[in-house]
Every structure is written in C-alpha cells, then in structure tokens.
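# Here's my sequence, what's the structure:
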Amino acid sequence: MSYTKIAPALARASSEINLRRLTLSSGRRQQSTATSTKQKDEQNDSTCTVSVDTAELDLISQTKNANSSQTNKIAIDFENTKEAYKSKDTLELLRSLLVFKLCSYDFLVDKNKELMDVSRKVFGQKAFDQMMKMTFYGQFVAGENHQTIKPLIQRNQAFGVGSVLDYSVEEDLTQEEAEKKEMDSCVSEAEKESPGKDHREKKYKAHRQFGDRRGGVISARTYFYADEAKCDHHMETFLNCIRASGGSSDDGFSAIKMTALGRPQFLLQFSEVLVKWRRFFSFLAAQQGKAGMEALEQKLELQQLQECLTKLGAKEDIQNWFTGERLGSSGTIDLLDWNSLIDERTKISNLLVVPNLETGQLEPLLNRFTEEEEKQMKRMLQRMDILAKHAVENGVRLMVDAEQTYFQPAISRLTLEMQRIFNREKPIIFNTYQCYLKEAYDNVSLDVELSRREGWYFGAKLVRGAYMHQERTRAEEIGYEDPINPDYESTNRMYHKCLDYVLEEIGHNRKANVMVASHNEDTVKFTIQRMNEMGLSPTEKKVYFGQLLGMCDQISFPLGQAGFPVYKYVPYGPVNEVIPYLSRRAQENRGFMKGSKRERVLLWEELKRRALSGELLYRPAV
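Presented below is the predicted three-dimensional model:
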C-alpha cells in the first residue's frame, strides 16, 4: 500500500500545494499488457553501438483523420558521417578523437583528478582552464553559465537536436566528509537517542561504509545535505536552469535531483513505508493464491481480504477501509485501489506508519519526530512545488532524475504526485525509470495505468541505470536482496519490455510520452521499428530520444535531421566546479571506447572525407 493519499498531507505542508485525494474509476484497462518481441541481445548502454549495418527504416506518418493515413518514408543512415557530423567543424572532430583516445588509457582515467590538480599547479589557473576547454571540458560541457551555453544550444537546435539543461556543479568532498554529511542527514533524532528500537529495515537505514554515495557511480551527480539554506540554494540553481531552458528553446527540458531539495532522511523513511505497504498487499495476495502474478493482475476478493485481516487481528482503522462506498461494487481490489486507502493525517510524520503482519495493527515507523524534522519534510515538498510551477510558467518540462533504490520509491511517489497536478493539460513532469531494476516493469505499468484512470499525461524517461555496482555491493554487504537484474541481457530485455509497454500505451492513448535515453544503437533501431509498426509519427512528439553531450553524435544528429525529437543532456558550470563531473565522464568513456571503436572509426572517416573533398575548413552554417 503506497501512499497515494499522501496528497492531503502534502497540501497542508504548503499553502501553495493543492494535491487532491485520489479517486479511482471502477473501469479497468481494456488494453492487454504488451509484451516485447524477441530481440537480438544488446550490449551494455555504455556501448554506443553494436551494429555497423545501415538502418534504412521506414516511418509511417499518420494524419489525424482516423479514416485515412499517408505514409512518408524516412531513411536513417547511422553511418553517413557527413550528416552525423555536419554540426561540427574539423577542430571539434579532432578534439573528439583526442578525448576518446585519452579515455581509453587506464592510467589517465584512474589518475585523472590527480593529473588535473598537478596541471593546475604547474600551468596556472588560466592556462589550465584553456587546456580543459580544448579537451575534456569542451567535449562534455556546454559552457560556464547561461549566456555562454546559448551558442551551442542554438547550433544544436538548428540541426534538430534539443537540450536538457543540467547544472553540473557539485561539492568536491573527501570520502570522510561525504560519509559524515550522509550519516548526519539520514539518521533521525529518535534513532540517535534509541538506536534499534524503531521498526526500521537495514536497507532503508544509513550505513557509514556506503555513506559516500559517489562510490561506484560514474554517470550521476551526487548531492549531500548540509542544511536548509543549502537546499534553498540548490532550488535557486534549478530555477535558473529552468529559466535558461525556457529562454533558449521552445521545447526544452531541465533536470533536477530530489536529494538536492531536502534532508534525505525523509526520502529513506518514506521509501520504507511505501515498500512495506506494497509488501503487505503482496502478502494478502499470496493468501488468496495470487502470488507470482504481475502487479496489475493481482485482484483481491474483498470478502476473503476482510476475513484474512480479521484472523490477523486487524483493528478498525484497517477494517473500515474496505467498504462499498470507498471502492465501488466490483467486489475486488487491485494495487491501485489499495494505494487509495490512506486516511487523511494532520502531520506528514503521521503518514509514516507501517502494518505489522503479526498483530494486524498500524505502527509508527519511528517513535517520534522533532518539530524541525517535520518542518524539513514540508520544505522539501514546497521546493518541489515551486520548481514545478516555475517549469509551467516558462514552458519547460521537468525531468526528475532517478537515484538509489533506498531513495527511489519516495522520489517516484512524489514525482507522481506532481504529475497528477501539473500534467493535466500536457506533459510537464517526467519521471525516470531505471530498467536494470527487477521491479521496473511493475513500476512503469502501475504508473501508466494510474494516469489512464485519472486522465493526466504520463511522462517517462527510460534509462538502464547508473548505480549498479554500488547497489549490488551494498545489498551483498548489508544483507538484503539484490534489486538489480542478474545480467546485461536481462536488463536489455527489461528496457525493451518497458519501452514496448509505453509505446503500446501511446498507440492506445496519445497522452503517454517517453524519452528513450540510451546510447545503444540497437535500442534506437528497436524504437523506430516499433513506431513504424504502430504508425507512430515522429512529428507527433510523443517519443523522444536522449544522449549525453559529446557522445554518440552519429545517433543524435541523424535522428534530429530526420524529424525525431532528440535531446542532448547539456551540462554546464565553471571549469573548476565541474571537475567531478568530468572525472566521471572520463571513467564512463573508458568503458565506452574499449567496448567499441565505432565512434572513432566514424570520426576518422569524416576527417578523411573532408580532406579528400577539400572541406577541412568546413564550418557549420547556422
């Protein structure tokens, strides 16, 4: 039982937040769950491509008249270097070759921060900045501020590629400093005073050996809580990013991380509550012989459910939920109905209660919350509300990034609440789904179904995931089930299964939207193939593609020039302050370049083509 009816409490958390209680229709999804067709195994998402064959893919362009359609054939050649790199001058191609080559040397990557520190001392700050702009910074970062990034954004836009702005500055903390900040911000006062006396699970508690959340993570920015003033500063940074997105293009995105907006203690606790309620539903489903079914297929018979709760000794606060007035006359309850069964509470902390399977009673997750902890929870919700409203005002879509699994249930739930408010007229808020998680398909299908029942626009970004090594190690050492799929092949299948489900939903109901955030060429081909089969035109702008700035241009730009909505994740910030980001880019590109030489081959081919055709001095016309 997740906290869909957290809405009334969130409303009281801020006079600006007006979340309505969830009212679910009795109708059920008529569309059958889409299953993925068997596809050729993909490589890891960090591998840019697995095929060198030209993709001549036909797309069907629908007219809005359901009685007639017209087909337009669009051929996409991912090997056409002239088209792939027509937005780059020759010096930029040479820089890409240099950076990718440097990223293939283990010593340079492993010691990149030390080498950059030495270079700064030897050459001085000014020369160091210039050297970085000629290499790594120039390759992966758009510029230092909102003004300096505009030329690149406008040039990409001229070639059909939009932007997801991401201010990539973060603190350069030592491991010890990071661990201390994490422990201070993730442990409540009640836990400090009486450790072990509350109903907490070890997965959702802070552990010092994993306090530095940067460990084993190569492609995601990390925030550590300092105080409320720092969270306000992060919010202002995000607001500036939203304004910059709105001022740079008509259809931009801006990315935010929820751990930047408040004390992570709340996300840990709320995640544990959501997971325990859902687990309680699964327990009750198993009692009715419905274990092992997909989440939306589990429908509990109300009479059997009430009998089971009676045997458990459930008190009136649980028994009174299941009435005809609340749930209609279907005689069954599914997981989305279950999510609606939360009483209104006067305090957010009162929402953090969990079912005890032995007693059938509700118990508080913690013995008590301090007044300051209560205020901190409310401030996080207020900041989210301000950002969402600002995105609406500036015509920008807000991409909420995914984070670790012990934070993610709360992040997804709060993002869903924002979608329910702000996605009524068009998709403004996008949630991120990590497809390396075993539960990814259930999460996607449940949220899609909720959007259908309530009539708002579903927005999703599908990624493979950024925390695999860290999550696996943490689960093994602390002692809980590994949340990650066992191998890359199963993650690829999960990605395509989730993607196929959303594409089917778009075909059934044009209110769904998805960003295919992948560097894997096979995944891009799979998406285009399915769009072709379903008659989804790129001009409808329901399916987007996303890659990182400085990577896989041979995918991004041909897509953009063929009319597909495609975006680059565009980081920006001062040179010194984005060094941690550049360090991770170097590490990610090491695996990327070792796994495939394709991008370097294509870059060399384009250089040779320009040399032979007398175009070495080519400059893109914008």
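
# host element of Asp482?
Using DSSP states H and E, Asp482 sits in no helix or strand.

# Parallel or antiparallel, which strands does the strand or helix carrying Leu165 pair with?
Under the criterion of DSSP H and E, Leu165 resides in strand 161-167. Strand pairing for strand 161-167, using DSSP bridges, gives strand 253-256 (parallel), strand 566-572 (parallel).

# Need the residues that contact the first one.
Taking contacts as C-beta atoms under 8 Å, 6 or more residues apart in numbering, the residues outside strand 253-256 that touch it are 162-166, 238, 241-242, 244-245, 387, 391, 396-401, 430, 567, 569. C-beta: built from backbone N, CA, C; applies to glycine.

# For that strand, list the C-alpha coordinates in CSV.
Included here for strand 253-256 are C-alpha records, laid out as CSV according to Å, rounded to 0.1, in the frame of the first residue of the first chain:
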residue,chain,number,x,y,z
PHE,A,253,13.8,20.1,-20.6
SER,A,254,15.5,20.8,-17.3
ALA,A,255,16.8,18.1,-15.0
ILE,A,256,16.5,18.1,-11.2
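
# what about the most centrally placed residue in the chain, is that helix, strand or coil?
Taking C-alpha atoms, centre = their mean, the centroid of the chain lies closest to Thr432, which sits 2.5 Å from it. Here Thr432 is recorded as strand under DSSP: H, G, I helix; E, B strand; the rest coil.

# and it, what is it in contact with?
By C-beta under 8 Å, 6+ apart, the neighbours of Thr432 are 399-402, 460-463.

# So what's the residue count around the closest residue to Asp401 other than its chain neighbours?
The shortest distance from Asp401 to any non-neighbouring residue, by C-beta to C-beta, 6 or more residues apart in numbering, is to Lys257 (5.0 Å). Lys257 has 19 neighbours, counted by other C-beta atoms under 10 Å.

# Next up, phi/psi of Lys257, please.
Recorded main-chain torsions at Lys257 are phi -120, psi 130, according to degrees, to the nearest 10.

# My guess is it contacts Phe224. True?
No: counting by C-beta atoms under 8 Å, Lys257 does not reach Phe224; the two are 11.5 Å apart.

# re earlier: what pLDDT does the residue nearest to the centre of the chain get?
We have a pLDDT of 97 for Thr432.

# Also Leu341?
Confidence per residue is given as pLDDT, and for Leu341 that number is 57.

# quick one: low-confidence ranges for the chain?
Where the chain drops to pLDDT under 70, the residues are 1-75, 195-199, 218-220, 312-330, 339-354, 357-362, 364-369, 588-596, 622.

# Could you dump the strands paired with strand 161-167 into CSV with distance to Thr370 and mean neighbour count added?
What follows is the strands paired with strand 161-167, written out as CSV (distance: least, C-beta to C-beta, whole Å; neighbours: other C-beta atoms under 10 Å):
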stretch, distance to Thr370, mean neighbour count
strand 253-256, 27, 25
strand 566-572, 37, 26
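
# Of all the ones you listed, which one is nearest Thr90?
The closest of the strands paired with strand 161-167 to Thr90 is strand 566-572. By C-beta to C-beta, the value is 20.5 Å.

# tell me the secondary structure for the closest residue in space to Phe458 that isn't next to it in sequence?
Nearest residue to Phe458, sequence neighbours excluded (C-beta to C-beta, 6+ apart): Ser451, at 3.9 Å. What three-state DSSP gives for Ser451 is helix.

# got it, and the one 10 residues further on?
Secondary structure of Lys461, reduced to three states by three-state DSSP: strand.

# tell me the contacts of it?
Lys461 makes contacts with 399, 430-433, 514-515, 517, 546, as judged by C-beta under 8 Å, 6+ apart.

# ok, which pair from the residues you listed is furthest apart?
Greatest spatial distance in the contacts of Lys461: Asn431 and Gly546, 14.2 Å, computed using C-beta to C-beta.

# What segments of this structure are strands?
Residue ranges of the strands in the chain, as given by DSSP state E, are 161-167, 253-256, 300-301, 332-333, 353-355, 362-364, 397-400, 429-434, 458-463, 512-517, 543-548, 566-572.

# Now do the fourth one: distance to the chain's middle.
So that's strand 332-333. In terms of C-alpha atoms, centre = their mean, to the nearest Å, the centre of strand 332-333 is set 31 Å apart from its chain centre.

# What strands flank that strand, and is each parallel or antiparallel?
Under the criterion DSSP bridges, strand 332-333 sits next to strand 300-301 (antiparallel) in its sheet.

# The partner strand: how far from the chain's middle?
Once both centres are worked out by C-alpha atoms, centre = their mean, strand 300-301 turns out to sit 33 Å from its chain's centre.

# If you count neighbours, what's buried in stretch 510-527?
Buried residues in stretch 510-527, counted by 16 or more other C-beta atoms under 10 Å: 511-527.

# now do stretch 577-585
578-585.

# Look at Gln288 and say how many residues are nearby.
Using other C-beta under 10 Å, Gln288 is surrounded by 14 other residues.

# Contact partners for Ile398?
Not Ile; residue 398 is Leu. In this structure, Leu398 makes contact with 242, 253-254, 256, 387-388, 391, 418, 428-430, judged by C-beta under 8 Å, 6+ apart.

# what's the farthest-apart pair in these?
Phe253 and Met418 (14.8 Å).

# For Glu294, see how far away the residue lying closest to Thr473 once chain neighbours are set aside is.
The shortest distance from Thr473 to any non-neighbouring residue, by C-beta to C-beta, 6+ apart, is to Gly216 (6.5 Å). Relative to Glu294, Gly216 is positioned 31 Å away (C-beta to C-beta, to the nearest Å).

# Which one's more surrounded, these two?
Neighbours around Gly216 and Glu294, counted as other C-beta under 10 Å, are more numerous at Gly216. The numbers are 16 against 11.

# Make sure that one is actually in contact with Tyr467.
Yes: taking contacts as C-beta under 8 Å, Gly216 lies within contact range of Tyr467: 7.3 Å.

# just to revisit the earlier point, take the buried residues of stretch 577-585 and keep only those in helices.
Those of those mapping onto helices are 579-585, per DSSP state H.

# dump the residue contacts of Tyr618.
For Tyr618, the residues meeting the contact criterion (C-beta under 8 Å, 6+ apart) are 89-90, 610.

# Mind doing that once more with 10 Å?
Applying C-beta atoms under 10 Å, 6 or more residues apart in numbering, one finds that Tyr618 lies in contact with 82, 85-86, 88-90, 93, 606, 610.

# if you go through the stretch 201-350 of the chain in chain order, where are the helices?
In the stretch 201-350 of the chain, the helices defined using DSSP state H, counting those that start in this stretch lie at 228-248, 264-287, 302-312, 316-319, 324-327, 335-338.
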